[in-house]
Each structure stands twice: as structure tokens, then as C-alpha cells.
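> Kindly return the folded structure for what I paste below:
(one chain, ligands or ions: 1)
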Amino acid sequence: MNTAPLAFLKGHGTENDFVIVPDPDNAVDLPAAVVARLCDRRAGIGGDGLLHVVRSAAHPEARESAGEAEWFMDYRNADGSVAEMCGNGVRVFARYLQHAGLVTAGDVAVATRGGVKHVHLAKNGDVTVSMGRAVLPGEGVTVTVAGRSWPARNVNMGNPHAVAFVDDLAHAGDLTAEPPYSPAPVYPDGVNIEFVADRGPRHVAMRVHERGAAETRSCGTGACAVAVAAARRDGVDPAATGAPVTYTVDVLGGTLLITEHPDGAVEMTGPAVIVAEGRLDPAWWDATTSG
Ligand SMILES: N[C@@H](CCC[C@H](N)C(=O)O)C(=O)O
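All right, here's what the predicted structure looks like:
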């Protein structure tokens, strides 16, 4: 028997939008096809991804973190695939915990597949998450769109990113389908691909094709990967200078501020909004889960 997750919410962070399914006891089975239906913008609620809100103690992938973080973000992409981490998602997740009265303080730890993340909910509505260190393995790829090719830097923020600097974001073309890249074995589990253009000193704009979701209006881990790649391209490394560096990253849905600290920790700040809450129709749920 698949318990109906009758309650749901909808939220977004810089227009990266999520279906939120509160399920403290991990009682709801969410196979990929059901997640994809919930995220379907015509036949379901609609979202770039789904935030399954589970107590860490109740989830086999998070039990070990239960002492540090009461809640686990079981993140799914819109196609139902599992992802290690979602930067906008974890900020919206923390906003939901506050909205639901499940946390009262401004600081909350959230367990994710990419480790425990510490989130700060500021009084002005901004939400900051400490994302941990970026890892920049040497090997990158070449990304091609409509006959143009760019080298893309490999940046891991818990999940994989390929960051390509372009003259004009329009050159990324129609990102409905994933742009081809080579050599493919660099990303055996797939990759999120960011296209980045300069806007000014320490200020860039990006578009993204997200693994499991196509083009989205923002990607938090992507913005962090972009800021770190831009800093290295600009010859800036906080570990060497001992001073933090902040990049402004414009996404289609707003702006994110990304700071890299001398110890390598990357922090992201931006809005996180709960838009609506409602209840799924049990008949819809039964039809969706029985098919
Ligand atoms: N939108 C997210 C990233 C979601 C996961 C990504 N599509 C993946 O598969 O790695 C963000 O804000 O970071």
C-alpha cells in the first residue's frame, strides 16, 4: 500500500521550482515515474525537481546524519532521477521547515546525499547555505552547440558540472535537449552544463541545462560551480590570497551571490519562497501510482 502524500507545497529559489512532499516517517513510496508525474507541468503539479522531506532517522541514506541534522532532503530531478545535491532546493527546503514550524531558529542543518548543509534564514528573506568545497578535477570536456565548441571546466559541488565560458548566452541555443559533449566518459553519471558570459568585474550571467530536468531558470550548485570556475579563470584563489571572493551570478530567474572563503568553503545567498500548499486528489494519486 502506497500511502497517499495528500499534502504538498510548491516553492522556488530564483525560479528553480520544486514540488515539496512532506513525509516525516518516509511512508510514501516515490518511484521515478511518480516523481516525473508530480513534476509534470501539465498533468501534475509541475517543477524542476521534488523535495521529499523526511526525518533523517527514518531514511536509510541519512540515518548516520540524524544526530547532526534532523531532516533529510531526498532530492529528485523532474525526470525522477536521484541527485546528490540541489543548492536552490536546500534553501527552499529550509524555508519549508520554517514555514511549517519545524524549525524556529534562523539556522538549520539539512542532511543531503552530498553531506550535511548548514542553512541560515535571514530576517530579510534571504537564505544562505554553506555548500562545502568545490572540487575541480583537471579533466574537462568540449561542449558543442550549433557548430560552435567551447572547452568546459569540470567542477564538482557534490554533483557534477561542466562550465563553459561563451561570448553570448544566446550561443547556448535551445537547451531543451542536452548539448553534446566529449569525451563522454568524463561524466559516467551525466552532468549539468552551464554556459557563462561576463557582465562586469566579478559579475557573470549563466544559463544551464540541468541533468534530469533540461533548461531551468536557475541552478544553485551550478551558480557555485560557475563562480569558482570564473575565479580561477580570473586568477583568483582565496586559498592563496587569504581573502574571500564574491561573484554575482545572474540566472534567468534572478541573482545569486556566491562567496568562496580561504578554507575553500563556498556560500550561496538568494531568495527562497513558498508559493502554495494544497492537497493531491486521492483519485489522481491512485491512478498515478497504479499505472
Ligand atoms: N537545481 C539544482 C540542481 C539539481 C540537481 C541536478 N539537476 C543534478 O542532477 O545534479 C540546484 O539548484 O543546485
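
> Get me the contact residues on the stretch 151-291 of the chain for the ligand.
159, 192, 210, 211, 212, 213, 216, 219, 220, 221, 222 (CB under 6 Å from any ligand atom). The way it works is simple: take the backbone N, C-alpha and C, and place the C-beta from them, glycine included.

> The fourth one and residue 159: what is the separation?
Right, the one you point to is residue 211. As for residue 211, its distance to residue 159 is 8 Å (criterion: CB to CB, to the nearest Å).

> residues shared between the contacts of those two?
Counting by CB atoms under 8 Å, 6 or more residues apart in numbering, the contacts common to residue 211 and residue 159 are 83, 192.

> how far out from the middle of the chain is stretch 10-19?
Computed by CA atoms, centre = their mean, to the nearest Å, the chain-centroid distance of stretch 10-19 equals 10 Å.

> check contacts around the nearest residue to residue 173 once chain neighbours are set aside.
Nearest residue to residue 173 in three dimensions, chain neighbours excluded: residue 145, at 4.7 Å (CB to CB, 6 or more residues apart in numbering). Going by CB under 8 Å, 6+ apart, residue 145 touches 171, 172, 173, 179.

> how many other residues sit next to the third one?
Applying other CB atoms under 10 Å, we find 14 other residues in the vicinity of residue 173.

> Residue 7 too?
Around residue 7 there are 14 residues (other CB under 10 Å).

> how much space between it and residue 86?
In this view, residue 7 and residue 86 are 21 Å apart by CB to CB.

> Also residue 77?
From residue 77 to residue 86 the distance is 9 Å (CB to CB).

> who's more crowded, the two?
A direct count of neighbours by other CB under 10 Å for residue 77 and residue 86 places residue 86 higher, at 30 against 25.

> Quick one: residues contacting that one.
Applying CB under 8 Å, 6+ apart, we find residue 86 in contact with 49, 51, 73, 75, 112, 159, 220, 221.

> and of the residues you listed, the nearest to residue 103?
residue 73 (13.4 Å; CB to CB).

> What does the pLDDT read for the closest one?
Per-residue pLDDT puts residue 73 at 98.

> From the contact counts, what lies against the helix or strand encompassing it?
Assigned by DSSP states H and E, residue 73 belongs to strand 71-77. Strand 71-77 makes packing contacts with helix 32-39, strand 49-55, helix 87-99, strand 107-112 when contacts are defined by 3 or more CB pairs under 8 Å, 6 or more residues apart in numbering; DSSP states H and E.

> Buried deepest among those, which one?
With neighbours defined as mean count of other CB atoms under 10 Å, the helices and strands packed on strand 71-77 peak in mean count at helix 87-99, which reaches a mean of 27.

> Need the residues that contact that helix.
By CB under 8 Å, 6+ apart, helix 87-99 touches 9, 11-14, 16, 18, 20, 22, 49, 51, 53, 71, 73, 75, 103, 108, 110, 112, 117, 119, 121, 127-129, 131, 157, 218-224, 268, 270, 272-274.

> got the angle between that helix and strand 49-55?
Helix 87-99 and strand 49-55 meet at an angle of 50 degrees, taking axes from the mean of the first three to the mean of the last three CA atoms, to 10 degrees as the criterion.

> Grab the CA positions of helix 87-99 and hand them over as CSV.
Extracted in CSV, the C-alpha atoms of helix 87-99 (Å, rounded to 0.1, in the frame of the first residue of the first chain):
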residue,chain,number,x,y,z
GLY,A,87,21.6,24.2,-3.9
ASN,A,88,18.4,26.1,-4.6
GLY,A,89,16.5,23.1,-3.3
VAL,A,90,18.2,23.0,0.1
ARG,A,91,17.4,26.7,0.6
VAL,A,92,13.7,26.1,-0.3
PHE,A,93,13.8,23.0,1.9
ALA,A,94,14.9,25.2,4.9
ARG,A,95,12.3,27.8,4.1
TYR,A,96,9.7,25.0,4.2
LEU,A,97,10.9,23.8,7.6
GLN,A,98,10.5,27.3,8.9
HIS,A,99,7.1,27.8,7.2
